[in-house]
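*Asks:* with the sequence up front, the predicted model follows.
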Amino acid sequence: MSLEIRRANRTRMPVLASVLARAFIDDPIVRWPLPDDVDDLEDRVRSMFTWAYEDLADLGMVWEAGDADGVAVWVPPGGDERLIASDKAVRGRLATLTFDSGKRYGIIWDWIEAQFPDEPHWFLDALGVDPSRRSRGIGSALVRWGLERAASDGVPATLETGRPENVGYYERLGFRVVLEGEPAPGGPHVWFMRLDP
C-alpha cells in the first residue's frame, strides 16, 4: 500500500480533529474528564483535539496520512517542553468542555506528562484512523513513520494508551509496556510503552 504521509498545518486541524474525535470518542483517557450525559459529545472531543493540536501543527508535530485517512502526533526529541507548554496554554478553553472545570483533565495530563523519560525520545501523543478506513495499514504506517525517525536519531519511541486492546497492537509493532497505573482513584488505567532503538 502506497500512502503519502505529510506534515499537517493548522488549517488541516478541523478535518483532522474530526478524524481524531471519531477514533477517540470512547477512549478512556479522553472520556474521563468529559460529562457522560451530553448530546454533543463528538463536538466536545473534536474541539478538544482542535485546541490541543493547533499549536503543535504550527510546530510541525502533526502528520496526516492520505486525505485525512489517519493522523499521528509525533513529538520529536526535545519537544516535550513544547507539548507541555501547548497543553497548559489551552487548559482554560478545554475546561469549558468538562463537567468539573478541567480538574480531571489536569490530573490525568499532569500525571502522563510526569512519566515522560528524561532522555531524548520520540513520543507518539496521538494516533487516529478514520473508522471507515481502519484495517488497511494506515495506523501502522503512521507508527512506522515515527519509528523510522526514532531509529535514525538512535533514541527510543514512547507512547501511552488507555485501551487494553491497543497494548497488543503496539506490542506487535515492537513496543513493550514499561509502566502502568491510574492517575487517581476511579481514573482510567494507562499503559506506558517504549521501543528502544
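*Replies:* Received it, and whenever you're ready, just let me know what you need. Numbering: from 1, shown residues only.
*Asks:* pull the longest strand from the chain.
*Replies:* The longest strand of the chain (DSSP state E) is strand 122-129.
*Asks:* quick check: buried residues in the helix or strand following that strand?
*Replies:* Downstream of strand 122-129, the first helix or strand assigned by DSSP states H and E is helix 138-153. Neighbour-count burial for helix 138-153, counted by 16 or more other CB atoms under 10 Å, picks out I138, G139, S140, A141, L142, V143, G146, L147, A150, A151. From N, CA and C alone the C-beta is placed, and that goes for glycine too.
*Asks:* and what of stretch 100-120?
*Replies:* G102, R104, Y105, G106, I107, I108, W109, W111, I112, F116.
*Asks:* same thing with stretch 83-100?
*Replies:* The neighbour-count check on stretch 83-100 (16+ other CB under 10 Å) flags L83, I84, S86, D87, V90, L94, L97, T98 as buried.
*Asks:* ok, so of the residues you listed, who is nearest D55?
*Replies:* The closest of the buried residues of stretch 83-100 to D55 turns out to be S86 (CB to CB; 4.3 Å).
*Asks:* for P35, give me phi and psi.
*Replies:* Dihedral angles of P35 (phi, psi; degrees, to the nearest 10) stand at phi -70, psi 150.
*Asks:* quick one: contacts for it?
*Replies:* Residues near P35 by CB atoms under 8 Å, 6 or more residues apart in numbering: T98, F99.
*Asks:* if I look at it, how far off is A68?
*Replies:* 27 Å (CB to CB, to the nearest Å).
*Asks:* centre of the chain versus the longest strand of the chain, how much separation?
*Replies:* Put simply, strand 122-129 sits 4 Å off its chain's centre (CA atoms, centre = their mean, to the nearest Å).
*Asks:* got the angle for it vs helix 138-153?
*Replies:* 170 degrees (axes from the mean of the first three to the mean of the last three CA atoms, to 10 degrees).
*Asks:* which helix of the protein spans the most residues?
*Replies:* Counting residues, the longest helix found in the chain (DSSP state H) is helix 41-58.
*Asks:* what is whichever helix or strand comes after that helix packed up against?
*Replies:* On the C-terminal side of helix 41-58, the nearest following helix or strand under DSSP H and E is strand 62-65. Under the contact criterion of 3 or more CB pairs under 8 Å, 6 or more residues apart in numbering; DSSP states H and E, strand 62-65 touches strand 5-7, helix 13-24, strand 70-75, helix 138-153.
*Asks:* and F49, how many neighbours?
*Replies:* 25 (other CB atoms under 10 Å).
*Asks:* show the model's pLDDT score for it.
*Replies:* F49 carries a pLDDT value of 95.
*Asks:* for R93, which residues are in contact?
*Replies:* Applying CB under 8 Å, 6+ apart, the residues contacting R93 are W51.
*Asks:* how close does it sit to R194?
*Replies:* With distances taken as CB to CB, R93 is found 31 Å from R194.
*Asks:* for D67, same thing?
*Replies:* 32 Å.
*Asks:* quick one: which of those two has more around it?
*Replies:* R194 (17 against 9).
*Asks:* ok, that one touching E160?
*Replies:* No: with contacts counted by CB atoms under 8 Å, R194 stays clear of E160, the gap being 10.2 Å.
*Asks:* please consider this matter closed, and thank you.
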